[in-house]
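*Asks:* Return atomic coordinates for the entry below.
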Amino acid sequence: FLLGTEVVTLYVFHEPSLLSSLQDRKLTDVILDALVVKEVPPTREVIASLPNILSALCLNQRGLEAFIQCKPFDRLFHVLLSPQYLPAMRRRSSDSLGDTATNLGTAMDELMRHQPTLRQDA
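*Replies:* Residues are numbered from 1 along each chain as shown. Coordinates of the predicted model:
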């Protein structure tokens, strides 16, 4: 799961013009469905990767509209507030990158700044 989303994220960020070809093949629909409609796996790595993949999928208007249509913020807030996800968001003493919750919040704030139309829904 994580590897698949990371590959798509790197692919889109490396060559944004190719996002349309992924959309034409419905790959972005499958990823959005897995991330914001179904249950997100409660792992630290998946939670930390959410903002990057969502930002990548929102790089063009078509992706942004598909993202908005999924009404993702209820699911994302569920991840932030659910006890099921708390262990994955706690900072590990060996982790120099900080805690996942702070990183997730910061990255979501950045997504909102890059896509101001999302602010109203959030």
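
*Asks:* Show the residue spans covered by the strands in this structure.
*Replies:* Applying DSSP state E to the chain gives no strands.

*Asks:* So in it, where's the weakest helix or strand by average pLDDT?
*Replies:* Least confident element among the helices and strands of the chain, by mean pLDDT, DSSP states H and E: helix 100-114 (a mean of 75).

*Asks:* Give me the helices and strands touching that helix, please.
*Replies:* Using 3 or more Cβ pairs under 8 Å, 6 or more residues apart in numbering; DSSP states H and E, the elements in contact with helix 100-114 are helix 44-57, helix 73-81, helix 86-89. Backbone N, C-alpha and C define where each C-beta goes, glycine included.

*Asks:* try 6 Å this time
*Replies:* helix 44-57 (3 or more Cβ pairs under 6 Å, 6 or more residues apart in numbering; DSSP states H and E).

*Asks:* who touches the helix it packs on?
*Replies:* Outside of helix 44-57, the residues within contact range by Cβ atoms under 6 Å, 6 or more residues apart in numbering are 2, 5, 9, 12-13, 28, 63, 88, 100, 103, 107-108, 111.
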